[in-house]
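# sequence first, predicted coordinates after that:
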Amino acid sequence: MDMRTFARLRRAVAAALLLILTLSACAADTPDDADKPGDVMQIGMIFDNFVMERWERDRDVFVSTARELGAEVNVQNANGSADEQVKLMEYFIKKNVDAIVIVPIESEPLLEPVQKAQSANIKVISYDRLIVGARPDLYITFDNGEVGRLMAKTLLENAAPQSGILMICGPLTDNNVLEIESGFMSEIDGADVTIIDKYYADGWKPENAGAYIREHREAAVSAAGIMCGNDNLAGAVVEALAEQRLAGNVRVVGQDGDLAACQRIVEGTQAMTVYKPVEKLASRAAQETVKLIRGEAADAGVYVAQNGDSIPYVKLDPVAVTAENMQSVIIDSGFHLRADVYLNRPDVMEP
């Protein structure tokens, strides 16, 4: 290489280095909130936890649908902490996202952050559970009253006269619990059965439900059926019943369509689960959130809160799932694979 060529190469390398340094300096001076194109919608999503099987499905479908619609989603997990949800709300407000979608743990701590977010022109979507006392831009959930009614109908089938029912509910901090209980009691009203006891499992913790059954064996023995607030609680209840050789003798119902619940149903230790097509809920929530960000009205009805507030409301219909319709509702829809549902029942694995 002659000296002239070498000099040209050296100048080119120096120019390239200068360009890199300049771009790096510009990037260092760029605020965190401007690290993506300004036309990309930003959605913050806050979950209660990922212990419950269904929340991972909700997350994946919501994120996928939102991305197809041109939005980016920042998913955060509060790990069951109401205080952490408040911190995450503040985090998203500081980042100036376009919308916050939240599965609330408790309502009261979120009231001020919701107002603060809306004052900053951030849309707030109450997902699956209502933030009681707030006025979110949208409340989207399943028909919780119908969930309770479906549970009651299953327990009332073939129930002996004057038989007793136990209610193992979720925590009272969850507004859905009250709505499900109301629907359940509306169906029970007038039937020749009695409610032996109601227990509210703090934090939706299944170990609390199992402990209740172990500590109240006489109530469990006398019960014709046990209403469980979700399939996680139902699993712990069935386990406790099995220890007392009662599994399969007491009708147990839950909700969410968890795989373990579907397995128990075909095994005969759980009578029914209420299937809630979360793919429809999550995709609809993403669609409506994007509409709100774009300044469009949500395709929603009206939910009238206890304080009289009118809240834009979307509700989807749940479905009762038993061994009889497991194939058509759960397996044919692709919610769970038949091989997984019938894992412990190889004798009936083939349809």
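Good, I have the coordinates.
# tell me which helix or strand residue 73 sits in.
Assignment of secondary structure by DSSP states H and E places residue 73 within strand 71-77.
# so for that strand, mean pLDDT?
In this model, strand 71-77 has an average pLDDT of 98.
# can you give me the neighbour number for residue 162?
9 (other Cβ atoms under 10 Å). For the C-beta atoms, the positions are set from N, CA and C on the backbone; glycine is no exception.
# so it makes contact with residue 196?
No. When contacts are counted by Cβ atoms under 8 Å, residue 162 is not listed as touching residue 196 (11.7 Å).
# wait, what's in contact with the residue nearest the centre of the chain?
Centroid-nearest residue in the chain, with Cα atoms, centre = their mean: residue 55, separated by 4.6 Å. Residue 55 makes contact with 47, 48, 49, 103, according to Cβ atoms under 8 Å, 6 or more residues apart in numbering.
# helix, strand or coil for it?
Look at residue 55: counting by DSSP: H, G, I helix; E, B strand; the rest coil, its state is helix.
# circling back to that earlier point, tell me what the strand holding residue 73 is packed against?
When contacts are defined as 3 or more Cβ pairs under 8 Å, 6 or more residues apart in numbering; DSSP states H and E, strand 71-77 packs onto strand 41-47, helix 53-68, helix 82-94, helix 278-293.
# so what touches the first one?
Right, strand 41-47. The contact list for strand 41-47 (Cβ under 8 Å, 6+ apart) reads 36, 55, 58-59, 62-63, 66, 69-78, 85, 88-89, 91-92, 95-103, 289-290, 293-294.
# over to the last one?
Applying Cβ under 8 Å, 6+ apart, the contact partners of helix 278-293 are 41, 43, 54, 57-63, 65-66, 69-71, 98-99, 101, 123, 125, 127-128, 137-138, 140-142, 297-300, 314, 316.
# list the buried residues for stretch 108-121?
Across stretch 108-121, burial judged by 16 or more other Cβ atoms under 10 Å covers 110, 113, 114, 117, 118.
# out of those, which sit inside helices?
Judged by DSSP state H, helices contain the following of these: 113, 114, 117, 118.
# between these, which sits nearest residue 262?
For those, the closest approach to residue 262 (Cβ to Cβ) belongs to residue 114, at 36.0 Å.
# and the residue nearest to that closest one when sequence neighbours are not counted, helix, strand or coil?
Leaving aside its chain neighbours, residue 114 sits nearest to residue 134 (4.4 Å; criterion: Cβ to Cβ, 6 or more residues apart in numbering). Assigned state for residue 134: coil (three-state reduction, three-state DSSP).
# hang on, the earlier thing: adding distance to residue 176 and pLDDT, write the ones in helices among the buried residues of stretch 108-121 out as CSV.
Putting these into CSV (distance: Cβ to Cβ, whole Å; pLDDT from 0 to 100) gives the following:
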residue, distance to residue 176, pLDDT
113, 20, 98
114, 18, 98
117, 22, 98
118, 23, 98
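# so which of those comes closest to residue 192?
Lowest distance from residue 192 to those (Cβ to Cβ) belongs to residue 114, with 44.8 Å.
# what residues are up against that closest one?
89, 124, 131, 134, 135, 136 are the contacts of residue 114 under Cβ under 8 Å, 6+ apart.
# those residues: which two are farthest apart?
Top of the distance list for these (Cβ to Cβ): 89 and 135, 15.3 Å.
# neighbours of residue 215, just the number please.
Counted with other Cβ under 10 Å, residue 215 comes out at 11.
# related to what we said a few turns ago, redo the helices and strands packed on strand 71-77 as JSON lines? Include distance to residue 228 and mean pLDDT.
What follows is those, written out as JSON lines (distance: least, Cβ to Cβ, whole Å; pLDDT from 0 to 100):
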{"stretch": "strand 41-47", "distance to residue 228": "22", "mean pLDDT": "98"}
{"stretch": "helix 53-68", "distance to residue 228": "15", "mean pLDDT": "95"}
{"stretch": "helix 82-94", "distance to residue 228": "23", "mean pLDDT": "98"}
{"stretch": "helix 278-293", "distance to residue 228": "18", "mean pLDDT": "97"}
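# quick check: which of the ones you listed is buried the most?
strand 41-47 (a mean of 23; mean count of other Cβ atoms under 10 Å).
# how about the strands in the stretch 201-350 of the chain?
223-228, 251-255, 272-275, 301-304, 310-316, 319-321 (DSSP state E, counting those that start in this stretch).
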